[in-house]
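J.: following is a predicted model, sequence given first.
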Amino acid sequence: MLKIYGSAKSRALRTLWMAGELGIPYEHLDYLPRSAPTKTPEFAVLNPNRRVPVIDDDGFVLYESMAINLYLARKHCSALYPSELKHEALALQWSFWETDRLDRQITNYVNHSTGLPEAERKPAIAEAAWAEIVPAFDVLEVALGHSEWLAGPAFSVADLNVAGALYRALFLDLAKWPKTQAWVARCWARPAAVSVRKMRE
């Protein structure tokens, strides 16, 4: 059986969402980032980076949430994995783009604007993060003006990977980017997404 290491309060949220979309059984090891279980020698064998998520799929171990989701969608012959080469390329493009353009930036912005205790917040970090977020959301807005979804005519692993990484965007004012705001809402309204939100919240 598939094992998923990582709390829904981490990047494992994306992997748990994918497992829900696929309807596959799994064992969930609810490890928070930097928690004691991730510091053990046994976990270091699974992921020498000591980060979550990690999966153990009947002996095949894989880490990095974007790669995990692409693997699971393709392995299970899901409609979430694009069948056309150009749509597959777009799924890869958007997954890689998100990790560079929005992943760390959203986390830093939310943590240092509202997430951390006030004494621990650093406004300069929030400001710098927002300065990177704005042009990235501009890019998403343009793309979603051409198509309702990121990699083809239907919701796919591309949308899940990017929207899953943008969980914190659910609580941001996205009025400046109405197409992006509507897309985030569409993605997170899916039953598997609603379920994984309950796991996190």
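T.: Right, received. Where do you want to start?

J.: so the residue in the chain sticking out farthest from the centre, which of the three states?
T.: Going by CA atoms, centre = their mean, the residue of the chain most distant from its centre is A119, 28.3 Å out. Secondary structure, DSSP: H, G, I helix; E, B strand; the rest coil: A119 is helix.

J.: dihedrals phi and psi, V139?
T.: Here is the backbone geometry of V139 (degrees, to the nearest 10): phi -60, psi -50.

J.: residues near V134, how many?
T.: Burial measure for V134: 11 neighbouring residues, criterion other CB atoms under 10 Å. C-beta here means a position set from N, CA and C on the backbone, and glycine is covered the same way.

J.: packing partners for the worst-scoring helix or strand of the chain on mean pLDDT?
T.: Least confident element among the helices and strands of the chain, by mean pLDDT, DSSP states H and E: helix 103-110 (a mean of 95). Contacting helix 103-110 under the criterion 3 or more CB pairs under 8 Å, 6 or more residues apart in numbering; DSSP states H and E are the following elements: helix 123-146.

J.: quick one on the thing from earlier: and the gap between the residue farthest from the centre of the chain and H112?
T.: From A119 across to H112, the span is 12 Å (CB to CB, to the nearest Å).

J.: next one: D103
T.: Distance, D103 to H112, by CB to CB: 15 Å.

J.: which one of those two is surrounded by more residues?
T.: The residue with more neighbours, out of D103 and H112, is H112; 20 against 17, by other CB under 10 Å.

J.: so who does the residue nearest to that one when sequence neighbours are not counted touch?
T.: Spatially, and ignoring its direct neighbours in sequence, H112 is nearest to A126 (3.9 Å; CB to CB, 6 or more residues apart in numbering). By CB atoms under 8 Å, 6 or more residues apart in numbering, the residues touching A126 are 108-109, 111-113.

J.: pLDDT (mean, whole number) over the one helix or strand A182 maps to?
T.: Following DSSP states H and E, one finds A182 within helix 178-188. Mean per-residue pLDDT for helix 178-188: 98.

J.: before we move on, what about stretch 121-136?
T.: pLDDT averaged over stretch 121-136 equals 97, rounded to a whole number.
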